[in-house]
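> Just to be clear, the model below is a prediction. Sequence and coordinates:
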Amino acid sequence: MDARWGWPLAALALVAGYLQWGWQGLLFAGTVVVFWLLLQFSRSVRALGEAGKAPLGSVANAVMLHAKLRKGLTLLEVLRITGSLGDRMAEPPEERFRWTDAAGDSVEVLLKRGKVAEWQLHRAAASDA
């Protein structure tokens, strides 16, 4: 869930819980919010763990990855699509990663504020048969 919606909804749940049932409602709403945050954290850790098991910067098919990418995807969603951590192409202020398949094709992805902003497919040079 987008943070622009998540935090206001959490605050609304806390206020509604307090107005409806007093301190017990506030406690219940707080428990629900903490549970939701723990679920999000668990989801992130699980995705990073799965991506960390694969070779760095590898993907089954770079062309299919290129077709599945769209602006606004989060890094967590990209990790689920690729199944591996990306090979960092630039130093920390810039978030640029590359995934390469067995044929040598690669996709470079630029993230801005943690979301996909641009991506480019690089095809391997055709070998002479």
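All right, it came through fine. Just so you know, these numbers come straight off a predicted model, no measurement behind them.

> Helices of the protein, residue ranges please.
In the chain, the helices defined using DSSP state H lie at 3-21, 23-53, 62-68, 75-82.

> Would you convert these into CSV that also reports mean neighbour count, distance to Arg96 and mean pLDDT?
Heads up, the C-betas are built off the backbone N, CA and C, glycines and all. Below are these laid out as CSV (neighbours: other C-beta atoms under 10 Å; distance: least, C-beta to C-beta, whole Å; pLDDT from 0 to 100):
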stretch, mean neighbour count, distance to Arg96, mean pLDDT
helix 3-21, 13, 23, 90
helix 23-53, 13, 17, 93
helix 62-68, 17, 15, 95
helix 75-82, 18, 12, 92
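
> could the ones you listed go into TSV alongside distance to Pro93?
Formatted as TSV, those follow (distance: least, C-beta to C-beta, whole Å):
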stretch	distance to Pro93
helix 3-21	21
helix 23-53	22
helix 62-68	25
helix 75-82	16
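
> quick one: which of the ones you listed is nearest Lys112?
Closest approach to Lys112 among these is made by helix 75-82 (11.1 Å; C-beta to C-beta).

> I'd like to know the beta-bridge partner residues of the spatially closest residue to Leu73 that is not a sequence neighbour.
Spatial nearest neighbour of Leu73, chain neighbours left out: Val116 (4.4 Å); criterion: C-beta to C-beta, 6 or more residues apart in numbering. Per DSSP bridges, the residues bridged to Val116 are Leu111.

> so Val116 touches Arg70, yeah?
Yes - using C-beta atoms under 8 Å, Val116 is in contact with Arg70, at 7.0 Å.

> Tell me which of those two has more neighbours.
Shown here are Val116 and Arg70; by other C-beta atoms under 10 Å, Val116 has more neighbours (19 against 9).

> Return the residues in contact with the residue positioned nearest the centre of the chain.
Centroid-nearest residue in the chain: Leu76, 1.5 Å away (criterion: C-alpha atoms, centre = their mean). Residues near Leu76 by C-beta atoms under 8 Å, 6 or more residues apart in numbering: 43-44, 47.

> Swap in 10 Å and give it another go.
40, 43-44, 47-48, 51, 114 (C-beta atoms under 10 Å, 6 or more residues apart in numbering).
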